[in-house]
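Visitor: when you get a sec, could you give me coordinates for this:
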Amino acid sequence: MLASIAGAVAVICTGVVCGVFVAVAVSVVPTLASLPPERYVEIHQRLGQGYHPLMPIVVLGGLVANLAAIPLAAGAAPRTAYATAVVALLGVQVVSHLRNERINRRVRAVRPLAVPVGWPDPRPAWRGWHLVRTLFAVLALAADAVGLALLTTHG
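Guide: Residues are numbered from 1 along each chain as shown. Next up is the predicted model:
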């Protein structure tokens, strides 16, 4: 019972993370890429206000739920699935904190109406790292779905 609850919370959290990341990848990123630097900086700064602190909390919630599910799950297969999700969510965290958030800080440091000439455009790097963390989120969600399916069919 507790393993199923932890597994369900894990699926919900990783599903939210995955959904937000995919939406950003297919809609927000292309929109931001089409803007002149001044508008990009302004919109990027506003978008960041909506994602923080919610997204880090949801990722952490998924991580904790997966860590709880590992010892609660009966059998090696669901434990392996939840451990895989933990590793994938750690990948999300590492990329988010060491890559995307560093770029976000650089963008927040620029005044939208005072983007310097020759400012190094961070959009390609941000997009690339966002796609990496999106792949980690998809892996985490898939692992959680497998873990929960194994629990409900075998445990």
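Visitor: for the rest of this, base every contact and every neighbour count on C-alpha atoms.
Guide: OK.
Visitor: tell me what the longest helix along the chain is packed against?
Guide: Counting by DSSP state H, the longest helix found in the chain is helix 123-154. Packing partners of helix 123-154 (3 or more Cα pairs under 8 Å, 6 or more residues apart in numbering; DSSP states H and E): helix 2-23, helix 29-33, helix 76-95.
Visitor: which parts of it are buried?
Guide: Residues of helix 123-154 classed as buried: 123, 126-127, 129-131, 133-148, 150-151 (neighbour count, 16 or more other Cα atoms under 10 Å).
Visitor: which among the helices and strands packed on helix 123-154 is found nearest to residue 57?
Guide: helix 2-23 (9.4 Å; Cα to Cα).
Visitor: can you point out the buried residues in that closest one?
Guide: In helix 2-23, counting by 16+ other Cα under 10 Å, buried: 3-4, 6-19, 21-22.
Visitor: for it, what is the average pLDDT?
Guide: For helix 2-23, mean pLDDT is 97.
Visitor: got the angle between that helix and helix 76-95?
Guide: 40 degrees (axes from the mean of the first three to the mean of the last three Cα atoms, to 10 degrees).
Visitor: now do helix 2-23 against helix 123-154, angle only.
Guide: Using the same axes, to 10 degrees: helix 2-23 against helix 123-154 is 150 degrees.
Visitor: what's in contact with helix 2-23?
Guide: 55, 58-59, 61-63, 65-66, 68-69, 72-73, 130, 134, 137-138, 140-141, 144-145, 147-148, 151-152 (Cα atoms under 8 Å, 6 or more residues apart in numbering).
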